[in-house]
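Trainee: fold the following.
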Amino acid sequence: MRRTLPSTQSLACFEAAARHESYTRAAQELALTQGAVSRQIMALEDFLGVALFRRTRHGVALTPAGTHYARQVGRWLQGLERDTLDVMAHQGQGGSIALAAVPTFATRWLIPRLPLLAQAHPDIVVHIETRTRPFLFADTGFDAALYAGTPEQVSNWPGTQALRLLQEDVVPVCSPHLLPGGQPLQPQALAGLPLLQQTTRPYGWRQWFEAMDVQAPRALDGPRYELFSMLAVAASHGLGVALMPPLLIEAERARGELVLACERPLRGERAYYLITPAQPQPPVLAAFAHWLQDMAAS
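Mentor: Below you'll find the model as predicted:
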């Protein structure tokens, strides 16, 4: 059955004109005449049976239908251009993955390991953008997501399948300058030190002290930071003790900027998952998922 699709040229003209709200500037961008842009948009409006622009004293303005359609067309053209560049770059071999990821995990765990992916799969390219909350894959251009959440949160993400990678255990860490003897402390000693809090886990320290059976009236006190990466920097500069997943501070510990303030970890409620649409995976995504499992296991 023949698809109901307008020409790519008319869509490109419309998207540029919608972005600038000007036929003249669209023509300059596309190296066309203003008349050519106008004809393409008129043909598109005739095809759709909908007015996309209205004339004003200063030129043209989008109609409500044009505003809605411009968002969809812009996203589609961007994805088409990305996929075209990927095919051109790989000459039909391998492929790319558009990955949504929680920022600290992507920056501190995934990206440092991507050279190993390049060695094992030189034909795979991973594009990464930040997302911290569930979304509908059908409404985005993402192929997969790296997500931190509880099993309940993952099970409530509709239309997806989840591959568990790593448990998010946390351990107290600080600058070595905060430890008087240079050795890890007992849990009760941490109750008197400055505590660094994470905005999204406001009861993290309270839970840790309760698990250690330690009374800590100031467990909720201290400056709050939104991201684990912020906590790591604050702790390495001696501002206090932070509860951090060891997998996110490998570099700081290797450099000696962060050390264990106490050797007693707390098993976190969350884990890191690879989330994909609930359908058979293309070969490139299946290979990436298998590689992630190997990295997590090692």
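
Trainee: doesn't residue 42 belong to a helix?
Mentor: Yes: assigned with DSSP: H, G, I helix; E, B strand; the rest coil, residue 42 falls within a helix.

Trainee: for it, give its distance to residue 6.
Mentor: 12 Å (CB to CB, to the nearest Å). For glycine as for every other residue, the C-beta is placed from the backbone atoms N, C-alpha and C.

Trainee: which residue of these two possesses the greater neighbour count?
Mentor: residue 6 (16 against 13; other CB atoms under 10 Å).

Trainee: got a list of what the more buried one touches?
Mentor: 43, 44, 47, 48 (CB atoms under 8 Å, 6 or more residues apart in numbering).

Trainee: how much space separates it from residue 60?
Mentor: 19 Å.

Trainee: part of a strand, is residue 239?
Mentor: No: Residue 239: not assigned to a strand; according to three-state DSSP it is coil.

Trainee: thinking again about what came up before, which among the contacts of residue 6 end up buried?
Mentor: 43, 44, 48 (16 or more other CB atoms under 10 Å).

Trainee: tell me who's in contact with the last one.
Mentor: I take that to be residue 48. Residue 48 neighbours (CB under 8 Å, 6+ apart): 6, 69.

Trainee: tally of neighbours for the nearest residue to residue 267 once chain neighbours are set aside?
Mentor: Leaving out its chain neighbours, the residue that sits closest to residue 267 by CB to CB, 6 or more residues apart in numbering is residue 169, at 5.4 Å. Residues lying near residue 169 (other CB under 10 Å) number 16.

Trainee: wait, residue 169 sits on residue 266?
Mentor: Yes: using CB atoms under 8 Å, residue 169 is in contact with residue 266, at 6.7 Å.

Trainee: how much space between residue 140 and residue 281?
Mentor: Residue 140 is 17 Å from residue 281, by CB to CB.

Trainee: ok, residue 236 touching residue 253?
Mentor: No: contact between residue 236 and residue 253 fails when scored by CB under 8 Å: they sit 9.9 Å apart.

Trainee: neighbour-wise, which of these two wins?
Mentor: Comparing residue 236 with residue 253 by neighbour count (other CB under 10 Å), the higher total belongs to residue 236, at 22 against 16.

Trainee: count of residues packed around the residue nearest to that one when sequence neighbours are not counted?
Mentor: Using CB to CB, 6+ apart and skipping the chain neighbours, the partner closest in space to residue 236 is residue 257 (4.2 Å). When counting by other CB under 10 Å, one arrives at 18 neighbours for residue 257.

Trainee: cool, residue 4 as well?
Mentor: Count around residue 4 with other CB under 10 Å applied: 7.

Trainee: and what of residue 71?
Mentor: 12.

Trainee: doesn't it belong to a strand?
Mentor: No: counting by three-state DSSP, residue 71 is not part of a strand but helix.

Trainee: thank you kindly, that will do.
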